[in-house]
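Student: Any chance you could fold what I've pasted below:
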Amino acid sequence: MFQEFLNKLAGPEPEIAEDDARLALAALLVRLARSDSDYSDEEVAQINKILRARYGLDEIHANLLLAEAEILESEAPDTVRFTRQIKEAVAYDDRLCVIEAMWTVALADGSRETEENAMLRLVAGLLGIEDVDSNMSRQKVEKRMADGQ
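Tutor: Presented below is the predicted three-dimensional model:
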């Protein structure tokens with residue numbers, strides 16, 4: 001199943017199915033959360049919250065998607081495969097929402113780690129997101145967290 005998904009990401013088709021897009025986003029969030037070698041409970045909870053809100057999932061389905069994403073993330077050789085497909089299939093504003101979700105996960109544990117910053121810079125660039133827009137997304141997330149939301 002996961003090999004089939006990886007083959008789709010490596011193939012030339014620019015269109016990805018809704019389920020594949022969900023899985024690609026979830027895997028990117030997992031990859032980011034694991035990038036500092038501390039896959040914290042806060043990050044996992046934040047990923048679940050994002051998946052539930054973005055896709056209208058209940059907790060069980062969000063957990064199932066997260067479990068699939070964790071497996072896929074561990075099997076996927078690089079981040080480019082996820083981002084290339086997302087960039088080709090998703091409008092700029094939606095890609096910016098991906099970056100905002102990633103900042104939410106990166107900051108969920110209360111610290112900004114070098115590895116997570118590097119991963120976010122890489123993904124933002126691969127998604128074609130301008131630095132200024134990524135920084136504005138980070139500031140938006142920091143303000144929301146400071147306000148307790």
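
Student: C-terminal to the helix or strand hosting residue 65, what's the next element?
Tutor: Using DSSP states H and E, residue 65 sits in helix 59-75. The helix or strand immediately downstream of helix 59-75 is helix 80-89, counting by DSSP H and E.

Student: And residue 91, its phi and psi?
Tutor: phi -70, psi 160 (degrees, to the nearest 10).

Student: Could you list the low-pLDDT ranges of the protein?
Tutor: In the predicted model of the chain, residues 1-19, 149 satisfy pLDDT under 70.

Student: what about dumping the CA coordinates of the helix holding residue 65 to CSV?
Tutor: Taking Å, rounded to 0.1, in the frame of the first residue of the first chain, the C-alpha atoms of helix 59-75 are listed here in CSV:
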residue,chain,number,x,y,z
GLU,A,59,-10.5,11.5,16.5
ILE,A,60,-10.4,7.8,15.4
HIS,A,61,-10.0,8.7,11.7
ALA,A,62,-7.4,11.4,12.5
ASN,A,63,-5.4,8.7,14.5
LEU,A,64,-5.7,6.3,11.6
LEU,A,65,-4.4,8.9,9.2
LEU,A,66,-1.6,9.8,11.6
ALA,A,67,-0.6,6.1,11.9
GLU,A,68,-0.4,5.7,8.1
ALA,A,69,1.6,9.0,7.9
GLU,A,70,4.1,7.8,10.5
ILE,A,71,4.7,4.6,8.5
LEU,A,72,4.9,6.5,5.2
GLU,A,73,7.3,9.1,6.6
SER,A,74,9.6,6.4,7.9
GLU,A,75,9.6,4.7,4.5
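
Student: Show me the residue sitting in the middle of this protein in space.
Tutor: Closest to where the C-alpha atoms of the chain average out (Cα atoms, centre = their mean) is residue 29, at 3.1 Å.

Student: From residue 98, how far out is that residue?
Tutor: Per Cβ to Cβ, to the nearest Å, residue 29 is found 9 Å from residue 98. Placement of C-beta: from N, CA and C, glycine included.

Student: swap in residue 67?
Tutor: 20 Å.

Student: Who has more neighbours out of these two?
Tutor: Set side by side, residue 67 and residue 98 show more neighbours around residue 98, with 25 against 12, by other Cβ atoms under 10 Å.

Student: nearest spatial neighbour of the more buried one, skipping sequence neighbours?
Tutor: residue 25 (6.1 Å; Cβ to Cβ, 6 or more residues apart in numbering).
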